[in-house]
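>>> Kindly generate the corresponding structure for this input.
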Amino acid sequence: LRRYNRNWNLSSPVWKKLIQQSTLNLEEASRLRSFVNSVTRIVDLGFSTVHEMELRVSIRRCFITFAMSFRDNDWVLIGRGIPQAVILKLFSAVLDDNTDPLDILNALETMNLLQRARHGTTSNIGYGSDDDVKPSTFIENPSFVMQDSLRAIGEEVSKRFAPAFLPEIDDYTSFYQEILDEQAFHDRSGGDLGGAMKFIVKQFSSKDLMGSGGMHEKEVHELVAACLIDIEGRINKSIIVDAYRRTKDRNKKIKGGDKLEEYMAVFLPSHLIQSQAYSSAGELLVDAQFIRRRVKSLGATEGTRKQVADLLELRREVAKDPSRGPKGSRSSTRGKSNGSTDQVVDTSLLLRDGCRTIVDQVERLISNQKGSAETLGMAICLSTVGEGLMKGKQPRDAIGRLEEALKMYQSLVGDNHVDVARSLHSVARALVKLGDSKAAIQKFGEAASVYEKCNATMHFDSIANSQNLATFYVDQKTWDKAADQFADVIGKKKSVYGEGSVSVAKTFNSYAILLAKHQRIDDALVNYEAAKDTYEAISPSLLQDQDFVIKCRYDLTLINLNIASIRSKKGDLIGSIASYEEGVHGLREYASAQKKLVKPAGSQDEGKDGPHMKHLVAALGRIGSLKIRIGDNAGALAAYQKLFDEVDDSSAKTARIERAKGHIKVASIFRQGQGKQHRARSIEHLREALNIYDDVYGSEHKDTKSIAASLQQWISEKADGKKRLEP
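Model (predicted):
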């Protein structure tokens, strides 16, 4: 309506179309009992009211491109928005040379598909001390956000058949003629090229970016990265650094270049990682010029934090990549990056090099500004790098940085300061990883002493220090000290959070897990039951977020399963069965709640491969086994039947093997019975078990052979029995 004519009235054609489509939406909603499709239809109706066909196509595709490119972007999520300079660069790659990307951006804003961000948009850019660049304001160079609901619609629209992304025509579509006209336009213009998608030719094949399933996230992020550094073609490690370096002068010359520079400093590595260009991301994250520009743009503290976060994200994504090498080679992966040749990404080496370079660049920047590197900013940088190296499983490198940070904090703020206590705690954790028990205990004690002198014993970090010390005592099997220390931690948490709190329950649970790990099952059972009682005592007023409630109930379910396991070991079979059944009930509730939750776009449904399903199958198997032990064969058969209902050929291998074991147990129960029917059913179940083992392990596996031999014996016995009955 706004785009058609700001002086519209009730007789305007667009208003009539809106009323017609809304009427159909109500009719559809009355049948579906949901307005799930209504807003998407209104958005599609808005596109259909644009009469210029190429403009309509361009607006729709730019809308989808924004939604897909910035779906999880932090600046969009917090309302800061994407700078106009970034959007125009991206749109210019999507549009042909005759279409001004600024016109498309203005059209999207007019249609309320994009909105201007109103806060946090003034840039803190600093290209360097010798540059005279004034920060942009949101009025001069605005940033844009997209509402969550519209972003979700854009992601759904992107799944339609490319390149048209047109909706399907049904009984509730009032603008079907416009859809047919646009499809005819695509057919006449040859699809991609006529639809103003020049980047398909210049950078990606239509199969890569827009296959029959719509736009793909991997290629979209590669497109964004290529646009930011002005690459025409595939990104690979041999060109990434040079291409990035050339953008420095270009960014200074364009309008809003300071915001573009800041966006690149923050998000360019993330786009590369999400496009699976791991080797290119690694090259960029260890490049001194990139890190220098990142520190100048974001400052020493934020630049260090973002650098370490990106290095750890790269490590996580490489570890998840299915093309990585054998498990023994944890630090590297071999697979095809977006370049044409195989690349090896050694994430441990990249983490060390990237952390070393960020420390050097921060030290250089602070020394130039302050005349000395011994500042709080430098200390924060060193401690952040040390923590990052710890998370990256590099404790030997971490200990050096953490000790440097500790000395600097002591020099700057004195010995009795909370930051000094935090540093001592971090050093102690690193020493534990290195196996230096004596020094670790000393540092834990020093940290506790400093917290006490600062009157901060109830501070979160102080309690964490005490809990880590308690865990260390458990690992050292000094049980009395561990018990006293955990009692102290639980007492502090009760004082801070209240007796019925999630934090207290988690502490009981953590202590129980450690005790069970060291075979202290009596003490473990006491603490598991304390954790269960605490979870059940949590006030409903503390459980407002539905996702958080589901996670707490899942934790309680796992506690029930652990209690059941310990009771089984102690010989309390009835109590164990009761706890397992309680756990099964909780797992079913969790599965049901997960289905009702709104999933983030792009997330995959775990289905039968989720951890809760593995727990459910194992628990049902244990119930069946325990009921056999107490002589309740009918109850065992019922439990195993529930297990069979949960597992099929699409389930995980472990679940299928659990089902096979269940068939063997059931076969044994029927074999104990009398009569032909029992013998026939026992053979039937044993054959089911053999089929599963044969499918999973193959016919030559020892277990498969053993089951096959038993089956043959049972069949022979059945035949012999039948012969004896003959006259």
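
>>> quick one: average confidence on stretch 703-723?
Across stretch 703-723, the average pLDDT comes to 78.

>>> for this protein, which spans come out with low pLDDT?
Where the chain drops to pLDDT under 70, the residues are 3-5, 119-139, 162, 190-215, 233, 322-343, 542-544, 597-609, 718-727.

>>> Enumerate the strands of the stretch 401-550 of the chain by residue range, in sequence order.
Assigned by DSSP state E, counting those that start in this stretch, the stretch 401-550 of the chain shows no strands.

>>> tell me the helices in it, going along the chain?
Counting by DSSP state H, counting those that start in this stretch, the stretch 401-550 of the chain has these helices, from start to end: 418-434, 437-453, 460-475, 479-497, 502-517, 521-536, 546-569.

>>> Could you report the separation of Ile399 from Glu387?
Per C-beta to C-beta, to the nearest Å, Ile399 is found 12 Å from Glu387. Placement of C-beta: from N, CA and C, glycine included.

>>> is it possible to export the helices of the stretch 401-550 of the chain to JSON lines including mean neighbour count and distance to Leu616?
Putting these into JSON lines (neighbours: other C-beta atoms under 10 Å; distance: least, C-beta to C-beta, whole Å) gives the following:
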{"stretch": "helix 418-434", "mean neighbour count": "23", "distance to Leu616": "35"}
{"stretch": "helix 437-453", "mean neighbour count": "18", "distance to Leu616": "40"}
{"stretch": "helix 460-475", "mean neighbour count": "20", "distance to Leu616": "30"}
{"stretch": "helix 479-497", "mean neighbour count": "17", "distance to Leu616": "31"}
{"stretch": "helix 502-517", "mean neighbour count": "21", "distance to Leu616": "20"}
{"stretch": "helix 521-536", "mean neighbour count": "19", "distance to Leu616": "19"}
{"stretch": "helix 546-569", "mean neighbour count": "19", "distance to Leu616": "10"}
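
>>> Those helices: which one's closest to Gln361?
Checking the helices of the stretch 401-550 of the chain against Gln361 by C-beta to C-beta gives helix 418-434 as the closest, at 21.8 Å.

>>> if you skip the residues just before and after it, what's nearest to Ser383?
Among residues not flanking Ser383 along the chain, Ala405 sits closest, at 4.0 Å (C-beta to C-beta, 6 or more residues apart in numbering).

>>> Please name the residues that touch that neighbour.
Ala379, Ile380, Leu382, Ser383, Gly386, Ser423, Ser426 (C-beta atoms under 8 Å, 6 or more residues apart in numbering).

>>> Surely the third one and Lys407 touch.
No: proximity of Leu382 to Lys407 does not meet the contact threshold set by C-beta atoms under 8 Å, at 9.4 Å.

>>> The two: which is more packed in?
Neighbours per residue (other C-beta atoms under 10 Å) separate Leu382 from Lys407, with Leu382 holding more: 26 against 15.

>>> For that one, which non-adjacent residue is spatially closest?
Ala405 (3.7 Å).

>>> swap in Val86?
Tyr263 (5.1 Å).

>>> Equivalent analysis for Ala447, please.
Leaving out its chain neighbours, the residue that sits closest to Ala447 by C-beta to C-beta, 6+ apart is Leu424, at 3.8 Å.

>>> Distance-wise, check the one you found relative to Asp397.
Going from Leu424 to Asp397 by C-beta to C-beta gives 19 Å.

>>> ok, now Ser510?
28 Å.

>>> repeat for Ser12
Between Ser12 and Asp397 the distance is 68 Å, computed by C-beta to C-beta.

>>> more crowded one of these two?
Counted by other C-beta under 10 Å, Ser12 and Asp397 do not tie: Asp397 has more neighbours, with 20 against 14.

>>> Could you say which helix or strand holds that one?
Element membership of Asp397 [criterion: DSSP states H and E] is helix 395-413.

>>> tell me which residues in that helix are buried?
Buried residues in helix 395-413, counting neighbours by 16 or more other C-beta atoms under 10 Å, are found at 395, 397-399, 401-406, 408-410.

>>> okay, the angle between it and helix 437-453?
Here helix 395-413 points in a direction 30 degrees away from that of helix 437-453 (axes from the mean of the first three to the mean of the last three C-alpha atoms, to 10 degrees).

>>> Centre of the chain to helix 395-413, how far?
32 Å (C-alpha atoms, centre = their mean, to the nearest Å).

>>> which stretches of the chain form strands?
For the chain, the strands defined by DSSP state E cover 82-83, 115-116, 143-145, 210-211, 214-215, 332-336, 342-346.

>>> residues in contact with the first one?
Translated: strand 82-83. 66, 70, 73, 75-76, 121, 136, 141, 143-145, 256, 259-260, 262-263.

>>> can you check the second one too?
Contacts of strand 115-116 from elsewhere in the structure, counted by C-beta under 8 Å, 6+ apart, are Gly81, Glu109, Phe138, Pro142, Ser143, Phe144, Val145, Met146, Gln147.

>>> what pairs with that strand, and is each one parallel or antiparallel?
Strand 115-116 sits in its sheet next to strand 143-145 (antiparallel), going by DSSP bridges.

>>> How far off centre is the strand it pairs with?
25 Å.

>>> Skip the chain neighbours and tell me the closest residue to Gly498.
Closest to Gly498 by C-beta to C-beta, 6+ apart is Val504, at 7.7 Å.

>>> Contacts only, for that neighbour.
Ile490, Lys493, Lys494, Tyr497, Gly498, Thr534.

>>> and the two most separated of those?
Maximum distance among the contacts of Val504 (C-beta to C-beta): 12.1 Å, for Ile490 and Gly498.

>>> what are the ranges of the helices in the stretch 1-150 of the chain?
13-32, 38-48, 53-69, 74-77, 84-94, 101-110, 148-157.

>>> out of these, nearest to Val526?
Ranking the helices of the stretch 1-150 of the chain by proximity to Val526 (C-beta to C-beta) places helix 74-77 first, at 43.2 Å.

>>> helices or strands up against the closest one?
Using 3 or more C-beta pairs under 8 Å, 6 or more residues apart in numbering; DSSP states H and E as the contact test, the elements touching helix 74-77 are helix 257-274.

>>> Could you list every helix and strand in contact with the helix it packs on?
Helix 257-274 packs on helix 74-77, strand 82-83, helix 84-94, helix 217-228, helix 237-253, helix 278-285, helix 288-298, helix 300-320, going by 3+ C-beta pairs under 8 Å, 6+ apart.
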